[in-house]
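Q: fold the stuff below for me.
(4 chains)
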Number of protein chains: 4
Amino acid sequence: MCGIIGICSDKDISKDLYYGLYSLQHRGQESCGISVWNGEKIDYHRGMGLVSDVLKKEELDKLKGNIGIGHVRYSTVGGSHISNCQPLVGACRGKKLSIAHNGNLINNLYLRQTLEEEGFIFQTSIDSEVILYILARYYKGDIIESIKITMDYIKGAYSLVVLSEEGLVAVRDPHGFRPLVLGRRGDEYIVSSESGSIDILGGEVIRDIEPGEIVLIKDGNLKSYNYRNNYKEMKKICIFEHIYFARNDAVIDSVNVYDFRVKSGEIIAREDDVDADIVVPVPDSGIPGALGYFRKSKIPFEEGLVKNRYVGRTFIKPDQNEREIGVKLKLNPLTSVVKGKSIVLIDDSIVRGTTSKRIIDSLKKAGAKEVHLRITSPPVKYSCFFGIDTPRRSQLIASKKSIEDIKEEIGADSLKFLSLEGLFEAADFKNIFCMACFDGKYPMKPMDKEE
Amino acid sequence: MCGIIGICSDKDISKDLYYGLYSLQHRGQESCGISVWNGEKIDYHRGMGLVSDVLKKEELDKLKGNIGIGHVRYSTVGGSHISNCQPLVGACRGKKLSIAHNGNLINNLYLRQTLEEEGFIFQTSIDSEVILYILARYYKGDIIESIKITMDYIKGAYSLVVLSEEGLVAVRDPHGFRPLVLGRRGDEYIVSSESGSIDILGGEVIRDIEPGEIVLIKDGNLKSYNYRNNYKEMKKICIFEHIYFARNDAVIDSVNVYDFRVKSGEIIAREDDVDADIVVPVPDSGIPGALGYFRKSKIPFEEGLVKNRYVGRTFIKPDQNEREIGVKLKLNPLTSVVKGKSIVLIDDSIVRGTTSKRIIDSLKKAGAKEVHLRITSPPVKYSCFFGIDTPRRSQLIASKKSIEDIKEEIGADSLKFLSLEGLFEAADFKNIFCMACFDGKYPMKPMDKEE
Amino acid sequence: MCGIIGICSDKDISKDLYYGLYSLQHRGQESCGISVWNGEKIDYHRGMGLVSDVLKKEELDKLKGNIGIGHVRYSTVGGSHISNCQPLVGACRGKKLSIAHNGNLINNLYLRQTLEEEGFIFQTSIDSEVILYILARYYKGDIIESIKITMDYIKGAYSLVVLSEEGLVAVRDPHGFRPLVLGRRGDEYIVSSESGSIDILGGEVIRDIEPGEIVLIKDGNLKSYNYRNNYKEMKKICIFEHIYFARNDAVIDSVNVYDFRVKSGEIIAREDDVDADIVVPVPDSGIPGALGYFRKSKIPFEEGLVKNRYVGRTFIKPDQNEREIGVKLKLNPLTSVVKGKSIVLIDDSIVRGTTSKRIIDSLKKAGAKEVHLRITSPPVKYSCFFGIDTPRRSQLIASKKSIEDIKEEIGADSLKFLSLEGLFEAADFKNIFCMACFDGKYPMKPMDKEE
Amino acid sequence: MCGIIGICSDKDISKDLYYGLYSLQHRGQESCGISVWNGEKIDYHRGMGLVSDVLKKEELDKLKGNIGIGHVRYSTVGGSHISNCQPLVGACRGKKLSIAHNGNLINNLYLRQTLEEEGFIFQTSIDSEVILYILARYYKGDIIESIKITMDYIKGAYSLVVLSEEGLVAVRDPHGFRPLVLGRRGDEYIVSSESGSIDILGGEVIRDIEPGEIVLIKDGNLKSYNYRNNYKEMKKICIFEHIYFARNDAVIDSVNVYDFRVKSGEIIAREDDVDADIVVPVPDSGIPGALGYFRKSKIPFEEGLVKNRYVGRTFIKPDQNEREIGVKLKLNPLTSVVKGKSIVLIDDSIVRGTTSKRIIDSLKKAGAKEVHLRITSPPVKYSCFFGIDTPRRSQLIASKKSIEDIKEEIGADSLKFLSLEGLFEAADFKNIFCMACFDGKYPMKPMDKEE
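A: Residues are numbered from 1 along each chain as shown, chains lettered A, B, ... in the order given. Predicted coordinates for the structure are as follows:
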């Protein structure tokens, strides 16, 4: 997962990109960067770490330009290297291009091999470089045309912002797996992964970029193009944006994230009959669900876990035998609240199950009588190939274990998941979501061997 | 405000100090450091920034010692300089001492001048150096005796951990302005500003260090001394620890912080009659109060403001004309929640009033119909001389304006504060608090000219 | 200018690469890096600054591999950016390649445009990336074949070390513009820009890599290939290596650098008749020439200029009005030596003339009666396209001014250059040098428009 | 060893301090710093590393002041810690003081203990802190008076620059062990450890600060005071400044360093009868001596060892089994020059003998037939207590071995030292030197137990 932003203005916008990225920081903390076009060339700055650590004042002051893009990158295992920072920048036929990409290609390996057959050489290990290369290969003066050709090749999830001499381009793949929102501030246009950034920058959200839409912005003008056809009916937005990834203030494809989360909690409560003393969320993503649960169940809502706000990139991980310290450093049970209580614990999802196990364990050690875990999404049974950092299937606890077995393993007194129908209802019965991680119905089959 | 910790063990404890400080990070983000005694000498490492930025693995690995102390320092205007990092370390008569200090002396200037008359020379601008110098001056082989003499001189708020050849010493001033908690983990002792650290490190909280108590710990043994008299009846713990500063999982002088906060919200709701649609907390410190308010009032609780979790030390502040961006970057209204609603907004306190004004403004711009601000503490009318970073009286909005005038200035539709009686009730009618910032009844008069 | 090194061993060689680069540090101080092959993948580390600043112990410890290459890069105006650090690393058809390059292509722009026409995209601004791309394009399993094809395309000066799965490859262009020396240490092979590195690493110099030679080293075996023909007769080694660039302990293409420099001084003295008191070198490169001059002329040799050894990359340059400070910081006249004296000042070359002017001015201010400048090379009248960082012709003082005019401009009392014949004699009448900067006889015509 | 500088001007002087320190960099590379007085307070910046690494532009820009001092510190074993950086800064009775110190006190421990008895506490391990504390203790408004009192207490070697509200003060101890030179640039005064800095900053050297002299400079006026008596006859300047430490362009107490070094070489050659082919200096400090030797002996002078100019603070030292690499990285023999030759090798001094042994070994391996080592100073038989970083006596090779035995141990074919008479002659028969390291005649007996 990542966050992207693009701004087209008539004045310097590196500081706005900075604030924009800062509002997308929750989408990725590993690395970040911005690139700007100043009418002659592209300048950029990238680095490992948080926005406020990488983009210092002296760097921003050097980045002059009125069109620009930015990127925050999520920390994924293995791929942590400075050469994978975005935006990528490249020169082609005397023209510079820069791209920032959110999503995952499913034919990355195939395209990479094909390009390598032709002698292309890759300097990073990210699929975004494949996009840049194809784009550059077919860029002969018409950016829209070359983007369409690129889209013929690349398969999978991609929301893109592209910086070119012809202007700022925003692209969303024909399924619209990853969000991309369009906003306006006076004569300036802003595109961002989340509506919150546009809000925060003082702009107004206009609409989502449509699946398969290509938008070209220059000098205060916006032109919209469709890729080959109208792809609206193919929309398959990743449901995990609403479940976990996006911030509460996001509205994605007309579905309000906060409302969705509260409603998920209400729905799971509706048919629940557990007799508990308090509802406790796993902060922060479990809070709206817990509010919903409490509203429907009337079981009192309590903050029973205290979250540490300061986990940094260079935090020294506890050793094996200090693992308990590790959990409690992040989430410490509030003994006065949980002691002797029967608890409904609300979390947004279970992936491997290890975190749930440790939280339940630590609640029990703090004196909780019972812990009834309620998950405001269905069991994750299938890996994601479209950009969510899920592990291989074999590591997904729900892919091989029954709910009863999971309950045993994590030490819960009872365990319930939101049903697929419930999820559908929370999403207002809108048929626009990719739920492959739950139902295995992949909108596209992955082509690469790696999965 | 600051956070301090001390550990006495029989094995290396620098990593435990690291985790302990990490759990105290909310008490100070400007600088931090630890010092350890290895039987021969004191090694230390200090620096500007967060615990995870300053104390890297390679540094910790060098800090060998089984007794140690640590410090996190709050960012205060003006005094931000590396020479002010703690713990302070000094050598005296061939013996090394190290101290970490939380609190503020009220006769700092007087003592500094007196010491300077005698030719002492100060290398930092913090009052902790005064404590170190007096301690060292009278340290002739009996650390308890020298601490008692030091306490004869220093007036004000101080919780101290001292690292010496004779062991780890923990001290709390006769009024007990600042918290200091004693815990145990097997044969090891831990003292910390907050009970949460002891919890997280896997220890058990034993009790608070008493006002005027001096505790000496070595080789698994603990001895307790009283300074001159028994000072229990003088206890004047700073009420702001409970209102704002401490984490929800802290229990200070037997008052549970989270319970106190929830109760404050209930009490203010009890006599309130506002007719509103939703209760919205200013996160994070307003959340328990809002929960309490909602429970009593039954007005639905909503997360109407989204908080950005990633403000770093080097964040580039918005210019004057971008000020609105600055507020929203920190707290962005959740439009779908607040639009068209009449809101009870819960915050823990008002100091200058500028933040409240901006939040209300931003809620209104997001469509809130009415904003009724409820503050879960009384109006702050007097400056603090005991360690809370309040501005001079002239800048305290409640020192010169009526509640009605404040309401006007910040743009609220109505404004209520918790009464002093209510505060007293929330604190379980315990007469152990310094509430000078509310009632002007200072337990001690400041002696320095600076206030 | 740059320095390159490659080592093929059966044990970890990152530390040897470190020491090797360190011994090449005089060839480039802007940036440096190493890459190593560990049987599976290529790891690398690069950065701006000196070898000892960039390659820290913790980085070296991570770079495991028994074949590796390294690079130091010279600080050139404009191109100072981290993306230009070498070795370059790239993946092609699942295979990783890494190259380090010393020299300059003369058809860089042409090739870059051609490749860009085909859709290649460039991520740096250095010509080495062109080499990497062509090499990768034609690399289909036979590294020697692909290098030959690459050599069909690239024109100009290049000494290369290439890291591949098939082993370490060393290449020198058909003219041999840039040096490349082959050495051995037990079963290990070392190739380096200068013989000194081999010496220092405890190896023995075997021979120079020949012009047009390609050498492949793996598992203690070395195979030599010729590019298309035998290019020995085309040898055109850059004479500036001997005049200025290489260290005194280098032997390049059988010409001993130190001997060459001493001899140049002798030759210019032989026909000189100036009546002076002392011979003073411009340290350090003028010292051997001054020794030679003194031996022939018998005029006493003196260290009349004291050099500061500590100019770092981040040195703050003096302002315009402090320019005199700038010269003297680097070279301060030794007043007691120069006062009242008539001086023969020996330097290796004059490019723009500004430094000579300042040194003479500063000697005169220190009391020198006369300064007779003798240059141990001919006037530089033509720009270099093969890797020496000379300015455009218009800035070469000797391209537009007579010797008499130069003398006037720099304030010398007399000025003599070594003749082309003298230079030829100093080089032992070996007809293997490119002297285009002196005589304009370029071995190849530059194809790019930029010159 | 260290270097100090002070400037009194009517405009900002931090940049001049920077250039001044830069010209003193050879006197210390471990740490550096400057402090400036701006009429109200003292600002400072200090750090580990070279001047160009520690004092960046952004730091200098913040250091506003027209009076200032600076310090470079030599890397000594054990004491390498940031808290030992100078200038020290301290506040006393509302007034700030800052000092920079070159030299070593011989009653440091005694004074430290005495001060500690009175309760003073030390935050560093350097003797300069003792000076600061005594100075501060007695500073009651008259800086000259307090310096005189301080001088009553401190014994040993000290050249000081002091920054105070009353102006810039420069002090040299009654024996004048360490140099301190006074210069002028228009209305500005400069004091520096070496005359070269004054020169380089565009000033004129006026004279040396006299032993026992105290100079106070403010607003373009200079007043000179004597400490108690006239101490000119007690002058005992450290001979090692001339032998090794100072730069060739220094003139210290009217003795020209370069001339002294050349003459030392001439004198040792005068009575030598070795039949050798070439004279080779150990660069850089051996060069003038080798020139002198060659002039007298007529044996040709050659640069037979190539020095690497780039040893940085973080250089990774070779392991035990790579030790040979370590020597050659620093000094690589020039094989073409030394092969088959009988060599007179000139070095300035022998301390432990290990370096000489390695150089001779490496020359022999490069083919030298014979190596005759000539040292342009007498054998170092006694430790220095006045600031030169010599080891304890037991580690001085000449303290326990005969010249014959040393010759054997280091592998020289013959070995000669300059005689004490010769040294005296080189110094123009001036009776102003401390030669205790050669003759054991200490001007003062060390009082501390540590030696």
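
Q: tell me where the stretch 251-400 of chain A has helices.
A: Secondary structure of the stretch 251-400 of chain A (DSSP state H, counting those that start in this stretch): helices located at A:257-270, A:287-297, A:323-330, A:335-338, A:354-365, A:397-400.

Q: other SSEs contacting the second one?
A: It stands for helix A:287-297. With contacts taken as 3 or more Cβ pairs under 8 Å, 6 or more residues apart in numbering or on different chains; DSSP states H and E, helix A:287-297 sits against helix A:257-270, strand A:278-281, strand A:342-347. C-beta here means a position set from N, CA and C on the backbone, and glycine is covered the same way.

Q: now the last one
A: The elements that helix A:397-400 packs onto, with contact taken as 3+ Cβ pairs under 8 Å, 6+ apart, are helix A:403-410.

Q: who does the helix or strand following the helix it packs on touch, helix- and strand-wise?
A: Sequence-wise, the next helix or strand downstream of helix A:403-410 (DSSP states H and E) is strand A:414-417. For strand A:414-417, the packing partners by 3+ Cβ pairs under 8 Å, 6+ apart come out as strand A:370-375, helix A:403-410.

Q: reformat the helices and strands packed on helix A:287-297 as JSON lines; add distance to chain B and mean pLDDT.
A: Output for those, formatted as JSON lines (distance: least, Cβ to the nearest Cβ, whole Å; pLDDT from 0 to 100):
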{"stretch": "helix A:257-270", "distance to chain B": "6", "mean pLDDT": "96"}
{"stretch": "strand A:278-281", "distance to chain B": "11", "mean pLDDT": "97"}
{"stretch": "strand A:342-347", "distance to chain B": "14", "mean pLDDT": "98"}
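
Q: any chance of these in TSV, plus mean neighbour count?
A: Converted to TSV, these look like this (neighbours: other Cβ atoms under 10 Å in any protein chain shown):
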stretch	mean neighbour count
helix A:257-270	24
strand A:278-281	26
strand A:342-347	26
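
Q: any chance of these in TSV, plus distance to chain D?
A: Below are these laid out as TSV (distance: least, Cβ to the nearest Cβ, whole Å):
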stretch	distance to chain D
helix A:257-270	42
strand A:278-281	45
strand A:342-347	46
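
Q: who wins for proximity to residue C:154 among those?
A: helix A:257-270 (54.3 Å; Cβ to Cβ).

Q: next to chain C, which bits of chain A? Give me the list.
A: Within chain A, the positions adjacent to chain C are A:88-94, A:97, A:113, A:116-123, A:125, A:132-134, A:136-139 by Cβ under 8 Å from any Cβ of the partner chain.

Q: ok, residue A:68 to chain D distance?
A: From residue A:68 across to chain D, the span is 25 Å (Cβ to the nearest Cβ, to the nearest Å).

Q: quick one: mean pLDDT for the helix or strand containing that residue?
A: For residue A:68, the element it lies in under DSSP H and E is strand A:67-73. On average, the pLDDT along strand A:67-73 is 96.

Q: run the angle between the helix or strand just after it and strand A:67-73 for me.
A: Using DSSP H and E, the helix or strand that follows strand A:67-73 in sequence is strand A:88-92. Relative orientation of strand A:88-92 versus strand A:67-73 (axes from the mean of the first three to the mean of the last three Cα atoms, to 10 degrees): 130 degrees.

Q: what is strand A:88-92 packed up against?
A: strand A:95-102, helix A:128-137.

Q: at 10 Å instead, please
A: strand A:31-37, strand A:42-48, strand A:95-102, helix A:128-137, helix C:108-117 (3 or more Cβ pairs under 10 Å, 6 or more residues apart in numbering or on different chains; DSSP states H and E).

Q: partners of the first one in the sheet?
A: Spelled out, that is strand A:31-37. Note on strand A:31-37: by DSSP bridges, its sheet partners are strand A:42-48 (antiparallel), strand A:67-73 (antiparallel).

Q: dump these to TSV, plus distance to residue D:186.
A: Output for the strands paired with strand A:31-37, formatted as TSV (distance: least, Cβ to Cβ, whole Å):
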stretch	distance to residue D:186
strand A:42-48	43
strand A:67-73	49
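
Q: mean neighbour count for those - can I get that in JSON lines?
A: JSON lines is the format used below for the strands paired with strand A:31-37 (neighbours: other Cβ under 10 Å):
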{"stretch": "strand A:42-48", "mean neighbour count": "22"}
{"stretch": "strand A:67-73", "mean neighbour count": "31"}
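
Q: what's the closest of those strands to residue B:191?
A: Counting by Cβ to Cβ, residue B:191 lies closest to strand A:42-48 out of the strands paired with strand A:31-37; the figure is 36.7 Å.

Q: tell me how far the closest one is from the chain's mean position?
A: 21 Å (Cα atoms, centre = their mean, to the nearest Å).

Q: between strand A:95-102 and it, find me the angle.
A: For strand A:42-48 against strand A:95-102, the angle by the same axes, to 10 degrees is 40 degrees.

Q: now do strand A:42-48, average pLDDT.
A: Rounded mean pLDDT across strand A:42-48 is 89.

Q: and after that strand, which helix or strand comes next?
A: Following strand A:42-48 toward the C-terminus (DSSP H and E): helix A:51-54.

Q: output the contacting helices and strands for whatever helix or strand comes next after that following helix.
A: The first helix or strand that comes after helix A:51-54 along the chain, using DSSP H and E, is helix A:57-62. Helices and strands touching helix A:57-62, by 3+ Cβ pairs under 10 Å, 6+ apart, are helix A:14-23, strand A:31-37, strand A:42-48.

Q: how far away is residue A:364 from chain C?
A: Residue A:364 is 41 Å from chain C, by Cβ to the nearest Cβ.

Q: which residues sit in contact with the closest residue to that residue other than its chain neighbours?
A: In space, residue A:364 comes closest to residue A:371 once its chain neighbours are excluded; the distance is 6.6 Å by Cβ to Cβ, 6 or more residues apart in numbering or on different chains. Residue A:371 makes contact with A:276, A:280, A:338, A:341-345, A:356, A:359-361, A:363-364, A:410-415, according to Cβ atoms under 10 Å, 6 or more residues apart in numbering or on different chains.

Q: please enumerate residues in contact with the least confident helix or strand in chain A by mean pLDDT?
A: Sorting the helices and strands of chain A by mean pLDDT, DSSP states H and E puts helix A:323-330 at the bottom, at a mean of 83. Here helix A:323-330 makes contact (Cβ under 10 Å, 6+ apart) with A:283, A:305-308, A:310-311, A:315, A:317-320, A:322, A:333, A:354-355, A:357-359, A:361-362, A:365-366, B:15-16, B:19-20, B:22-23, B:25, B:196-197, B:199-202, B:249.

Q: among these, the buried ones, what's the ChimeraX command?
A: With 16 or more other Cβ atoms under 10 Å in any protein chain shown as the criterion, this ChimeraX line picks the buried residues out of the contacts of helix A:323-330:
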select /A:283,305,306,307,308,310,315,318,333,355,357,358,359,362,366 /B:15,16,19,20,22,23,25,196,197,199,200,201,202,249
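
Q: closest residue of the stretch 151-300 of chain A to chain D?
A: Nearest to chain D, among the residues of the stretch 151-300 of chain A, is residue A:201, at 28.8 Å (Cβ to the nearest Cβ).

Q: which residues touch that residue?
A: A:5, A:7, A:13, A:16-17, A:19-20, A:23, A:183, A:185, A:188, A:190, A:192, B:322, B:324-325, B:328-329.

Q: great, nothing more from me.
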